[in-house]
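> structural data only, the sequence is not supplied:
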Ligand code: C2E
Ligand code: CA
Ligand code: CA
């Protein structure tokens, strides 16, 4: 067949590997696309959440400044200090509250009255400054919040601890930082001034209320972590699926273009069906039996005749299960109609030589006969003269078993092979089926007529039941009439048809 090259081992391995690679690549692509989407979605959500939380933290600072706004410019009395301290004690996240004028702190919640310069130009938008520490706690980061009213105002120190917490909590999927001006806090709470961000995909969200932005970097390692956390099943499944598909490809390719496997598949799907051709009485032309002929009901090619597949079926040994399949079908379809069959009706099956080495044949014949107990039939096994059976232990006992059951043996295509009288006797042949090639010659020329006469004469002398096959014309019927042959078969009486049609046409 044209596709035979596909089932060469090397091609099969290469194509299977290719299938593995394609499926695995598609799998990796699908997983990474899906996780990238998921990661971006989750990271975006973290980013929004972080802005919300930082805004809330700064809202507290704004609240503290609003509460002491009326003290701006007033002297740093004990009451003022008390009021400042009250904010530190009562407002969350606020660590210090200081009053300043002309860029100098003059009243602090912690130290009371003091003077300390502030560099206003460092405040981003005049409002926020990230600091790695202050005079009290040099290594503890904080964010300074400034509320200015004409050069005087309130300075609130917001504890960096809260901000650090937010960053750390929301950094599960990616690297999150808080950027204020050119300074930024990483998720460990460390303040940086450089631009040395980690490599990766970046996302930025600016606060609508305060001059800062949250930035997020999705690093390669974040992708992998995300895949392991959220796509574990796919990660295990895809390689397995790829391996499975590679194996399937290998197996399927073994079948492509391999006609035996096509037969095997057809057998599994029970695509082999029986057709039946009537056999009539030689004298009154009434139906007396049927020959079962196999057909392949192919889903695409339609009905395939036996010469296209029987030789291969015999060669591969599949003919045995195929024959068993059609025997069972005829048994199941006609068994229930036993009463409708004419008396001594016979069913003929074509059996190949190798089948006569298989002991299941006897069992199948028994089951077949038993299905017609109501109105016993004759079961005929036809073996072709072109393919002689070799005598042997099993064959011998099989033939004996068949005889005991009453199974009749027919020599098919008689006249085309080389069976001897000894051979016919050894296998207890009951019926001779004169090959249709001889019948087809009737009336063509004198020599042909002579050959036909001889074959019939030989058959007669063997004293066996004779069937003439392939009768197509009235001339042939008339020519054979004087010989008084027991049975006739051919298109003249009826073509092989499907069981349903056979029942309609011949049994009702
Ligand atoms: P066969 O056993 O000699 O079967 C008779 C063949 O002649 C059938 O062809 C039948 O349709 C055809 N035939 C019957 N009457 C006439 C006629 O008047 N004129 C002409 N020209 N042909 C006629 P089919 O069904 O195509 O089968 C061909 C061969 O395939 C069979 O020859 C038989 O050797 C084989 N075969 C069919 N079914 C089976 C089977 O189940 N098992 C085995 N082993 N071989 C089978
Ligand atoms: Ca036959
Ligand atoms: Ca024949």
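Looks like it arrived, so ask away. Source: prediction; values computed, not measured. Residues are numbered from 1 along each chain as shown. Ligands and ions are numbered 1, 2, ... in the order given.

> quick one: average pLDDT of stretch 487-498?
Across stretch 487-498, the average pLDDT comes to 98.

> that stretch near ligand 3 at all?
No. Stretch 487-498 lies out of reach of ligand 3 by Cβ under 5 Å from the ion, never closer than 8.7 Å. Yep, even glycine has a C-beta here, placed from its N, CA and C like the rest.

> in that stretch, what counts as buried?
If you call a residue buried by 16 or more other Cβ atoms under 10 Å, then stretch 487-498 has these buried ones: 487, 488, 489, 490, 492, 493, 494, 496, 497, 498.

> with stretch 204-213 instead?
207, 210, 212, 213.

> try stretch 410-428
Applying 16+ other Cβ under 10 Å to stretch 410-428 flags 410, 411, 412, 413, 414, 415, 416, 419, 423, 424, 427 as buried.

> can I get the buried residues of stretch 487-498 in TSV including distance to ligand 1 and secondary structure?
Formatted as TSV, the buried residues of stretch 487-498 follow (distance: Cβ to the nearest ligand atom, whole Å; DSSP: H, G, I helix; E, B strand; the rest coil):
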residue	distance to ligand 1	secondary structure
487	13	strand
488	10	strand
489	6	strand
490	3	coil
492	6	coil
493	8	coil
494	9	coil
496	5	coil
497	10	strand
498	12	coil
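
> can I get those in CSV including distance to ligand 2?
Formatted as CSV, those follow (distance: Cβ to the ion, whole Å):
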residue, distance to ligand 2
487, 12
488, 14
489, 9
490, 12
492, 17
493, 15
494, 15
496, 11
497, 16
498, 18
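
> any idea which helix or strand carries residue 74?
Using DSSP states H and E, residue 74 falls within no helix or strand.

> can you list the residues of the stretch 351-500 of the chain near ligand 1?
Counting by Cβ under 6 Å from any ligand atom, the residues of the stretch 351-500 of the chain close to ligand 1 are 352, 384, 412, 413, 436, 470, 471, 472, 490, 491, 496.

> among these, which one sits closest to residue 36?
Nearest to residue 36, judged by Cβ to Cβ, of these is residue 352 at 63.2 Å.

> on that earlier part again, now, which of the buried residues of stretch 487-498 sits nearest ligand 3?
Nearest to ligand 3 among these is residue 489, at 8.7 Å by Cβ to the ion.

> wait, the closest one sits on residue 290?
No. Contact criterion Cβ atoms under 8 Å: residue 489 and residue 290 do not qualify, at 9.2 Å.

> quick one: common contacting residues for these two?
With contacts defined as Cβ atoms under 8 Å, 6 or more residues apart in numbering, the residues shared by residue 489 and residue 290 are 277, 278, 279.

> now rank these by neighbours and give me the top one.
residue 279 (26 neighbours; other Cβ atoms under 10 Å).

> wait, that residue touches residue 485, no?
No. Residue 279 is beyond contact range of residue 485, at 11.3 Å (criterion: Cβ under 8 Å).

> what residues does the stretch 251-400 of the chain put near ligand 2?
Residues of the stretch 251-400 of the chain lying near ligand 2 (Cβ under 5 Å from the ion): 350, 382.

> what ranges does the stretch 251-400 of the chain have for its strands?
272-281, 287-298, 302-304, 346-350, 378-384 (DSSP state E, counting those that start in this stretch).

> reformat these as JSON lines; add distance to ligand 3 and mean pLDDT.
What follows is the strands of the stretch 251-400 of the chain, written out as JSON lines (distance: least, Cβ to the ion, whole Å; pLDDT from 0 to 100):
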{"stretch": "strand 272-281", "distance to ligand 3": "11", "mean pLDDT": "98"}
{"stretch": "strand 287-298", "distance to ligand 3": "8", "mean pLDDT": "97"}
{"stretch": "strand 302-304", "distance to ligand 3": "19", "mean pLDDT": "95"}
{"stretch": "strand 346-350", "distance to ligand 3": "8", "mean pLDDT": "98"}
{"stretch": "strand 378-384", "distance to ligand 3": "7", "mean pLDDT": "96"}
